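Student: Mind folding the following:
(2 chains)
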Amino acid sequence: EPEVTQTPSHQVTQMGQEVILRCVPISNHLYFYWYRQILGQKVEFLVSFYNNEISEKSEIFDDQFSVERPDGSNFTLKIRSTKLEDSAMYFCASRGDSLGGVNEQYFGPGTRLTVT
Amino acid sequence: DAKTTQPPSMDCAEGRAANLPCNHSTISGNEYVYWYRQIHSQGPQYIIHGLKNNETNEMASLIITEDRKSSTLILPHATLRDTAVYYCIGELTDKLIFGTGTRLQVFP
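Tutor: Residues are numbered from 1 along each chain as shown, chains lettered A, B, ... in the order given. Predicted coordinates for the structure are as follows:
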């Protein structure tokens, strides 16, 4: 069964450093998403991406964040200068072009980012 | 904020049906109701969705009231592996807006 994969599973970085979180969505999917979950809190939407551009972003997704689909398979989230409060689990998700726009998203296992 | 309300927690005996309620009295007529679950700290997992009619798949059944103000997710024979946080989401937007969900504990 196809699945979304994410690397690394755990990333430790120092405050102020840049990190890139990588995702390989399901191969025939067209819509891509990043979410995050701070420990003990809700899953929060960060950004959606379609047709090589951002469709929507949340207030969390400020200038320190960027996304890219550098080739036909990878989808990355970059945090330019990490802050302590960026420590969270980051989930990538993707979905296909379903009839009626049904929002059946498939999530990866997540990358745990720890900023020290 | 999420447009749905769910009880914070529920218990269910292994092998019994787990019935998870959700109130979504403010969703509009063309908004689907989605159910996802999150096992421990894994990524959320899609379970089922519905608009007006009841739905069933290999994982669960979804019963939606006629007025669409509430729904119930049914896991017909809960197992220990069904212990998770279950989210009911009723949104028209592309993004998923997760609330706090219902923490279902299945016990032996």
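
Student: mind listing what A:Ile79 touches?
Tutor: A:18-19, A:21, A:64-65, A:86, A:113 (C-beta atoms under 8 Å, 6 or more residues apart in numbering or on different chains). For glycine as for every other residue, the C-beta is placed from the backbone atoms N, C-alpha and C.

Student: same question, A:Phe65
Tutor: A:46-47, A:57, A:77-80.

Student: how about a cut-off of 6 Å?
Tutor: Neighbour list for A:Phe65: A:Ile79 [criterion: C-beta atoms under 6 Å, 6 or more residues apart in numbering or on different chains].

Student: swap in B:Tyr87?
Tutor: B:36, B:98, B:101 are the contacts of B:Tyr87 under C-beta under 6 Å, 6+ apart.

Student: returning to that earlier point: tabulate the contacts of A:Ile79 (a markdown table), appending secondary structure, pLDDT and distance to A:Phe32.
Tutor: Putting the contacts of A:Ile79 into a markdown table (DSSP: H, G, I helix; E, B strand; the rest coil; pLDDT from 0 to 100; distance: C-beta to C-beta, whole Å) gives the following:
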| residue | secondary structure | pLDDT | distance to A:Phe32 |
| --- | --- | --- | --- |
| A:Glu18 | coil | 98 | 21 |
| A:Val19 | strand | 98 | 18 |
| A:Leu21 | strand | 98 | 13 |
| A:Gln64 | coil | 96 | 19 |
| A:Phe65 | strand | 98 | 14 |
| A:Asp86 | helix | 97 | 20 |
| A:Leu113 | strand | 98 | 18 |
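
Student: out of those residues, who has the most neighbours?
Tutor: For the contacts of A:Ile79, counting by other C-beta atoms under 10 Å in any protein chain shown, the largest number of neighbours falls to A:Leu21: 23 neighbours.

Student: Wait, that one touches A:Leu77, no?
Tutor: Yes: using C-beta atoms under 6 Å, A:Leu21 makes contact with A:Leu77 at a distance of 4.5 Å.

Student: Just the pLDDT at residue 106, thanks.
Tutor: Using chain A here. If you check A:Tyr106, the pLDDT there is 95.

Student: switch to chain B, that's the one I care about
Tutor: 98.

Student: how close does it sit to chain A?
Tutor: Taking C-beta to the nearest C-beta, to the nearest Å as the measure, B:Val106 falls 22 Å from chain A.

Student: again, but for B:Thr56
Tutor: 16 Å.

Student: returning to what we had before: which one of the contacts of A:Ile79 is nearest to B:Leu62?
Tutor: Nearest to B:Leu62 among the contacts of A:Ile79, counting by C-beta to C-beta, is A:Leu21 at 32.9 Å.
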